[in-house]
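Fold the following for me, if possible:
(one chain, ligands or ions: 1)
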Amino acid sequence: MPNRSFKKKSLPDKKGHFGIYGGKYVPETLMAALDELEQCYRQAKSDPSFKNELKGYLHDFAGRPTPLTEAKRLAKLLGVKKLFLKREDLLHTGSHKINNTLGQVLLTRRMNKKRVIAETGAGQHGVATATVCALFGIQCDVYMGAEDVERQALNVFRMKLLGARVTPVKSGSQTLKDAVNEAIRDWVTNVRDTHYIIGSVIGPHPYPMMVRNFQSVIGQETISQFKKAKRQQPDYLVACVGGGSNSIGFFHPYLNFHSKMIGVEAAGLGLNTTKHAATLSKGKVGVLHGSKSEILQDAHGQILLAHSISAGLDYPGVGPEHAYLKSIKRAEYVAATDKEALEGMKALSETEGIIPALEPAHAIGYLLKNKRRFKSNDTLALCLSGRGDKDVQQVSKVLHL
Ligand SMILES: *Cc1c(COP(=O)(O)O)cnc(C)c1O
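Residues are numbered from 1 along each chain as shown. Model prediction:
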């Protein structure tokens, strides 16, 4: 039954706030660029030709709509009535990230900007950005922590093959948060001809709203796929949460429905250690990369290093809308450890013939560990945000079969 008390239309407010979260905490030089972006986005959103163009690329280039696959053997293992997988793993470049990069590259063209910059952690967003820049012949610079450049050599090569320039960032912890800082620095300098394609629902307004809307195609398709099959909408939606884009894209269109929502963060080596990335379980309110949200920080407000076996979840912040949904209890946030994610990866591979990326494997791992909380007549839908090809080499070193 739809939950009428929740008015999703009002979010975020004009200044980009989701309750106390979100907003725009940036240097003065970026305010004009953010306004320009927001204006361009709002015009594009109500322009049927933009919608059709994006729809065309999502269909012909990225491979949408993605299937909704019933996972019968895994459902049986979990003891639930039905489990459906939203197959973002089947998209071009291997994950949901292409939904957002295609949307933003079309905006780049609308704003007549000649250059794109992006940050990347594992390299997945960098690859998705380099891909759409190649498609449109736009110059692309990707910032990546020097440590990540080492760890993700294959993705670095992919980006270069696609014609992008990859700049290793040697400051700080040499990982994703430092890459974001460097991209922001570049943007401040080159804002007139450069668009910054942020890879998740993070950063200053309008990014969390805009990226959410580009990713909402996931949930919208799922709703119509359930309808078309004359099935009841799911009792639970489950998705992994890094910055939070695949999960909010899955959840957002369902906010007025009865479906319960579970976001699964990375618990790394455990929530009682400091080696995790469970921002919503363990974070405190603060400002990171231009918006207010829950953040992993120490008593002095210093940003802590996140840890996860999965580079895509390894971020000390989270999208402001998730912090808000948690605060009003519309969504629940839990965490799965590295070990549980590996169990999840193994289970989906063995029961369904689908090797998931380590990120959504956290969501599967959570379900396995907590299967007693579900009833035998529950229907679950899980966002399978990406495929596991990128992870098999890493996993082969820790999972001895
Ligand atoms: C990047 C990535 C994520 C995490 O990002 P979100 O913004 O939280 O979706 C999750 N799954 C896959 C496959 C990814 O590549």
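
Now do the strands in this structure.
17-18, 21-22, 68-70, 82-87, 115-120, 139-145, 165-169, 194-196, 236-240, 260-268, 284-288, 291-295, 331-337, 379-384 (DSSP state E).

avg pLDDT for the third one?
The pLDDT scores in strand 68-70 average 98.

561 is where my numbering starts, stick with that
Taking 561 as the first residue, the last one we looked at is strand 628-630.

What pairs with it, parallel or antiparallel?
Strand 628-630 has its sheet partners listed here by DSSP bridges as strand 642-647 (antiparallel).

and what of the fifth one?
Partners of strand 675-680 in the sheet, by DSSP bridges, are strand 699-705 (parallel), strand 754-756 (parallel).

Adding mean neighbour count and distance to Val740, write the strands of the chain out as TSV.
Glycine gets a C-beta too; all of them are placed from N, C-alpha and C. Shown next, in TSV, are the strands of the chain (neighbours: other CB atoms under 10 Å; distance: least, CB to CB, whole Å):
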stretch	mean neighbour count	distance to Val740
strand 577-578	22	20
strand 581-582	26	17
strand 628-630	16	33
strand 642-647	23	27
strand 675-680	26	5
strand 699-705	24	8
strand 725-729	18	9
strand 754-756	25	10
strand 796-800	26	20
strand 820-828	26	18
strand 844-848	16	9
strand 851-855	25	12
strand 891-897	23	22
strand 939-944	26	24
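
do you know how far the residue lying closest to Leu942 once chain neighbours are set aside is from the ligand?
Among residues not flanking Leu942 along the chain, Val798 sits closest, at 4.7 Å (CB to CB, 6 or more residues apart in numbering). From Val798 over to the ligand the distance is 13 Å, taken as CB to the nearest ligand atom, to the nearest Å.

my read: Val798 touches Gly925, true?
No - using CB atoms under 8 Å, Val798 makes no contact with Gly925, being 10.9 Å away.

got any residues that touch both of these two?
Common neighbours of Val798 and Gly925, using CB atoms under 8 Å, 6 or more residues apart in numbering, are Val824.

Any residues of the protein in contact with the ligand? List them.
The chain comes close to the ligand at residues 655, 657, 684, 760, 800-807, 872-873, 917, 919-920, 945-946, as judged by CB under 6 Å from any ligand atom.

circling back to that earlier point, which one of the strands paired with strand 675-680 lies nearest to Met769?
strand 754-756 (15.5 Å; CB to CB).

Show me the contact partners of that closest one.
597, 664, 667-668, 671, 673-678, 743-744, 746-747.
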